[in-house]
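A.B. asks: Got a predicted structure plus its sequence, pasted below:
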Amino acid sequence: MTGVAPVEEAGAEDLTFIVDQRYARALAESPAGAALAPVDLDVSPGETVLVRVPNPRAAFGRLTRRFHPEREPPSGVHPTAVIGTGVQLGDGVSVGPYAVIREDARVGAGSRLDAHTLVGPGARIGDGCEIGAGCSILGPVRMGDRVRVLTGARLGTEGFGYAEEAQGAVPFPQIGGVEIQDDVEIGANATIDRGALGDTVVGAQTKIDNLVHIGHNVRIGEDCMIVAQVGIAGSVDVGDRVQMAGQAGIAGHLSIGDGARIAAQAGVIGDVPENATYSGYPARPHGKAMRASAALFRLPDLVRRLRELEERVRSLAPEEDG
Amino acid sequence: MTGVAPVEEAGAEDLTFIVDQRYARALAESPAGAALAPVDLDVSPGETVLVRVPNPRAAFGRLTRRFHPEREPPSGVHPTAVIGTGVQLGDGVSVGPYAVIREDARVGAGSRLDAHTLVGPGARIGDGCEIGAGCSILGPVRMGDRVRVLTGARLGTEGFGYAEEAQGAVPFPQIGGVEIQDDVEIGANATIDRGALGDTVVGAQTKIDNLVHIGHNVRIGEDCMIVAQVGIAGSVDVGDRVQMAGQAGIAGHLSIGDGARIAAQAGVIGDVPENATYSGYPARPHGKAMRASAALFRLPDLVRRLRELEERVRSLAPEEDG
Amino acid sequence: MTGVAPVEEAGAEDLTFIVDQRYARALAESPAGAALAPVDLDVSPGETVLVRVPNPRAAFGRLTRRFHPEREPPSGVHPTAVIGTGVQLGDGVSVGPYAVIREDARVGAGSRLDAHTLVGPGARIGDGCEIGAGCSILGPVRMGDRVRVLTGARLGTEGFGYAEEAQGAVPFPQIGGVEIQDDVEIGANATIDRGALGDTVVGAQTKIDNLVHIGHNVRIGEDCMIVAQVGIAGSVDVGDRVQMAGQAGIAGHLSIGDGARIAAQAGVIGDVPENATYSGYPARPHGKAMRASAALFRLPDLVRRLRELEERVRSLAPEEDG
């Protein structure tokens, strides 16, 4: 085996995978060298070596990294990196060209910072983290281990908070921190604001996609999936295993229960219970929202039926004064 | 006093604040060292020293900065900064590592440019401005005093304008400027395009949050609040004191009156009068939109009532030909 | 002629243009030196020299570039640029300060890379491309000729793909490429993910605005216009000449036909046929969506009419058991 490929494209030297019956036929016709398949799936693999596993997609994900090792940046600290006083770098840290690590920051063992990254004064980056090119990890950030931040993300920026006064908006202090727990992933050009007074928190294993905005003092639980361009306003409390699809928005100070699912583009303006699925604007339980939306498209027909009924009733008993 | 904290967390050495009766009880139980409170609020502060002020939130904002002075970047021009010919730097300017200031740009007294910032040829930055790490302040930008631009924002980029031709889209010239007036704040990874022929303008005191997009030739008035991920298409005219909540979108060439409020995720496709509040898509006056949205969820019930009525009328007078 | 200006502002030394009768009167009163006008438009230009062309807007666009040549970055490779081993630079390439081009990347003749740009290992950039300041063109990217990428855009980032397992989300491999064809333009801070196994593709002449997100394995055809803050989820297939207005979102694995138009903020959750116009959430044919939306605002009136009718029918035949 020298490569990996989807079942339709796999050749004799490739490893592939199938997840259900829909792909079993494609596999039967495929010259793939080997295939991962579910333990109990009925499949005739032809010449392909079949490897039965409980979760072929996950297993394929793990194996693929062996076939396609990433081209890692050169290890060591590039001579152009600017390292401030009091900075602590763990063993095997890699720092790319023109990165800037300011005073008193700490970077844990084996972490890799790509080119043009800024790490602010006093920031903490754990072990085995990867920080993409051009990221800003500002001073308020404390990061766990194995966190991955893709290129251009901005962590620890000041939140959007003002006190209204007669002469205009006065900035409210934005002096809190950001806590990013272990195994979090953060997408390209995403932004995560520091807390106003307390912390903004992203729980372990949570995955955040590109161009997502997380406001100040938001607390996100563990194992959440936050898809591209979602916006979460200040002080929202998000439980564990919550999924938010692309471009959804959550208004400030709300609570989203464990296991809740927020549909794409949903505009949430009230609390969402545990395990509920919400969609639409204002977001409501998804079944209701879909029925309402379907009914909406029958409205013109409804208007017609009402008019006919009015005429019929009028013909039954003409109004005296009409 | 050595710190600041919200009332629930404040200790004997902390300054806190309360804005209304809801927090008065928390204050009664708090060991806070001192608290700012409204002039006329009925409150029993226990051991806490009470300081009466007209606007506790604003006063707290101002005082907090004394307790938490920001760690300022080192003053002076970092030796790695690339300064073009004809660049003018005012007194006390701070330029971070690897910043690039191109020919003929001007930076006013006391302004601070963080690492990896690019200032384009001929750009103007006023006095006392702060430009975050990795920002692009391109050549067309003219900036007033005390402007703050957070990390990764892009000002003066070319707008999205094309002339349609049989063989495809031809770029329409994007050669105008960007005027950012005094005391404006611009969020992380936000983008503000230069005008096509004239200028894009952001009025004094206006605050713009993360990941906002401002199109070419948009004119925004003073004291506006534009929340995260809002998009304003080309040539929109926004008045003073306008508030746009997160993810709202304004279609091109519209006019938004002074004091108007645009709800989160609203999709504005027509002019909005002064002081009006609009929501939904297409955006309408908020009260109407909320009533319509509420009615929508009663539609299934309405359909049932109409069907019952139809049957009842039919039973009263069976149709001859039906 | 020394400048260009819109007809309302053009002076005796300026070239301007008009596209239809609405501007003909403004031109009659304008001191503009010269004006481009449609071949068959009835217009009395006063002193202005009139130049008849088939498409004045497009012609003006082309001519403007002669009046306002861009201030190009200095040619040549800046001495601070870090160029990896095996990098191939074509004739006349310009590389700005602190740019980093990693091993085995290729940049075609006449291409210009601005300051702080990162080009990843093995990436391919064609001839005559312009890459703005602080962009990340990661290793998986293969770019045609005359591609323009504005400042802060991120190309070739890892997509958002995970396999669910009991102990949490396992990353699914993101090892495919990105193909950007000739004459594509990509806006500031936009993000385009690499394919998971195959490629993400952007067709020739397609224009992408600021802060747009393109997911993994998306295939976009030629001559499309994708306006600011649009999000396209993974594996969407977009035809040729498709227009998507600002903040529209397309759910994963859908097909958008040639010539389709997607309205601003539309939330597309099903396939869109060729040449159709869709709007709203869930997106539907625009005419239907607008009628439904209009009907919605008549709902309170409908409820009132139904109630009156119910009372009237009750008065005709009072229910025995009610």
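C.D. replies: Structure's in. What do you need?

A.B. asks: Quick check: A:D182 vs B:P285, distance?
C.D. replies: With distances taken as C-beta to C-beta, to the nearest Å, A:D182 is found 48 Å from B:P285. In short, each C-beta sits where N, CA and C put it, glycine included.

A.B. asks: Which strand residues bridge the residue nearest the centre of chain A?
C.D. replies: With distances taken as C-alpha atoms, centre = their mean, A:I208 lies nearest the centre of chain A, 2.4 Å away. Counting by DSSP bridges, A:I208 forms beta bridges with A:I186, A:I226.

A.B. asks: Bridged to the residue nearest to A:R219 when sequence neighbours are not counted, which residues?
C.D. replies: Spatial nearest neighbour of A:R219, excluding adjacent residues (C-beta to C-beta, 6 or more residues apart in numbering or on different chains): A:V201 at 4.6 Å. Here A:V201 sits in beta bridges with A:E179, A:R219, as judged by DSSP bridges.

A.B. asks: A:H216 is in contact with A:V201, correct?
C.D. replies: No: under the criterion of C-beta atoms under 8 Å, A:V201 is not in contact with A:H216, lying 11.2 Å apart.

A.B. asks: Pull the contacting residues for the residue nearest to the centre of chain A.
C.D. replies: A:I208 is in contact with A:184-187, A:190, A:192, A:202, A:214, A:226, counting by C-beta atoms under 8 Å, 6 or more residues apart in numbering or on different chains.

A.B. asks: Other residues contacting the longest helix anywhere in chain A?
C.D. replies: For chain A, the helix that runs over the most residues, judged by DSSP state H, is helix A:299-316. Contact with helix A:299-316 is made by A:322, B:299, B:302-303, B:306, B:309-310, B:313, B:316-317, C:291-292, C:295-296, C:298-299, C:302, C:305-306, C:309, C:312-313, C:316, as judged by C-beta under 8 Å, 6+ apart.

A.B. asks: Check which residues of that helix are buried.
C.D. replies: A:299, A:302-303, A:306, A:309, A:312-313 (16 or more other C-beta atoms under 10 Å in any protein chain shown).

A.B. asks: For A:A283, give me phi and psi.
C.D. replies: phi -60, psi 140 (degrees, to the nearest 10).

A.B. asks: Quick check: A:A295 vs C:I175, distance?
C.D. replies: Distance, A:A295 to C:I175, using C-beta to C-beta: 45 Å.

A.B. asks: Actually, A:D91.
C.D. replies: Distance from A:D91 to C:I175, by C-beta to C-beta: 28 Å.

A.B. asks: what about the two, which has more around it?
C.D. replies: C:I175 (20 against 8; other C-beta atoms under 10 Å in any protein chain shown).

A.B. asks: Name the nearest residue to that one, sequence neighbours excluded.
C.D. replies: Nearest residue to C:I175 in three dimensions, chain neighbours excluded: A:H68, at 4.6 Å (C-beta to C-beta, 6+ apart).

A.B. asks: One more: A:G76?
C.D. replies: A:S94 (6.4 Å).

A.B. asks: Over to A:Q174?
C.D. replies: Using C-beta to C-beta, 6+ apart, the closest residue to A:Q174 is A:E158 (4.0 Å).

A.B. asks: Mind telling me what element A:A109 is part of?
C.D. replies: A:A109 belongs to no helix or strand when assigned by DSSP states H and E.

A.B. asks: Ok, A:T64 next?
C.D. replies: helix A:56-67.

A.B. asks: ok, then the element right after that helix?
C.D. replies: That would be, after helix A:56-67 and using DSSP H and E, strand A:76-77.

A.B. asks: Endpoints of stretch A:161-181, how far apart?
C.D. replies: Length of stretch A:161-181, first residue to last, C-alpha to C-alpha, to the nearest Å: 25 Å.

A.B. asks: my bad, should have said stretch A:155-174
C.D. replies: Stretch A:155-174 has its terminal residues 13 Å apart, counting by C-alpha to C-alpha.

A.B. asks: in it, what counts as buried?
C.D. replies: Across stretch A:155-174, burial judged by 16+ other C-beta under 10 Å covers A:155-163, A:169-174.

A.B. asks: where does chain A have low pLDDT?
C.D. replies: Chain A contains residues with pLDDT under 70 at A:70-73, A:319-322.

A.B. asks: all helices of it, in order?
C.D. replies: Counting by DSSP H, one finds helices in chain A at the ranges A:21-28, A:56-67, A:286-296, A:299-316.

A.B. asks: show me what contacts the residue nearest to A:G11 when sequence neighbours are not counted?
C.D. replies: Excluding the flanking residues, the one nearest A:G11 by C-beta to C-beta, 6+ apart is A:P31, at 5.9 Å. Residues in contact with A:P31 (C-beta under 8 Å, 6+ apart) are A:10-12, A:47-48.

A.B. asks: could you redo the last one with a cut-off of 10 Å?
C.D. replies: The neighbourhood of A:P31, defined by C-beta atoms under 10 Å, 6 or more residues apart in numbering or on different chains, consists of A:10-14, A:46-48.

A.B. asks: Could you pull up phi and psi at it?
C.D. replies: When read as degrees, to the nearest 10, the backbone of A:P31 gives phi -80, psi 10.

A.B. asks: How much space separates it from C:G195?
C.D. replies: Taking C-beta to C-beta, one finds A:P31 at 22 Å from C:G195.

A.B. asks: Now the terminal residues of stretch A:129-143, how far apart.
C.D. replies: Taking C-alpha to C-alpha, the first and last residues of stretch A:129-143 lie 9 Å apart.

A.B. asks: make that stretch A:79-93, sorry
C.D. replies: In terms of C-alpha to C-alpha, the two terminal residues of stretch A:79-93 are separated by 13 Å.

A.B. asks: Same question for stretch A:174-185.
C.D. replies: Stretch A:174-185: ends 24 Å apart by C-alpha to C-alpha.

A.B. asks: can you check stretch A:182-199 too?
C.D. replies: End-to-end distance for stretch A:182-199, by C-alpha to C-alpha: 16 Å.

A.B. asks: Tell me, how many residues neighbour the residue lying closest to A:P38 once chain neighbours are set aside?
C.D. replies: Of all residues not flanking A:P38 in the chain, A:P56 sits nearest, at 5.9 Å (C-beta to C-beta, 6+ apart). By the criterion of other C-beta under 10 Å, A:P56 has 23 neighbours.

A.B. asks: A:P56 is in contact with A:L36, isn't it?
C.D. replies: Yes: at 4.0 Å, A:P56 counts as touching A:L36 under the criterion of C-beta atoms under 10 Å.

A.B. asks: show me what contacts the nearest residue to A:D271 once chain neighbours are set aside?
C.D. replies: In space, and not counting its chain neighbours, A:D271 is closest to A:S255: 4.6 Å by C-beta to C-beta, 6+ apart. If a contact means C-beta under 10 Å, 6+ apart, then A:S255 has A:219, A:235-239, A:270-273 as its contacts.

A.B. asks: Of those, which count as buried by neighbour count?
C.D. replies: In terms of neighbour count (16+ other C-beta under 10 Å), the buried residues within the contacts of A:S255 are A:219, A:235-239, A:272.

A.B. asks: A:G122 and A:T85 touch, don't they?
C.D. replies: No: taking contacts as C-beta under 10 Å, A:G122 lies outside contact range of A:T85: 11.9 Å.

A.B. asks: more crowded one of the two?
C.D. replies: A:G122 (19 against 8).

A.B. asks: So what's the residue count around A:R65?
C.D. replies: Neighbours of A:R65 (other C-beta under 10 Å): 13.

A.B. asks: any idea how far chain B is from it?
C.D. replies: Here A:R65 is placed at a distance of 30 Å from chain B (C-beta to the nearest C-beta, to the nearest Å).

A.B. asks: OK, contacts around that residue?
C.D. replies: Contact analysis of A:R65 by C-beta under 10 Å, 6+ apart lists A:4, C:171, C:173, C:175.

A.B. asks: All set, thanks.
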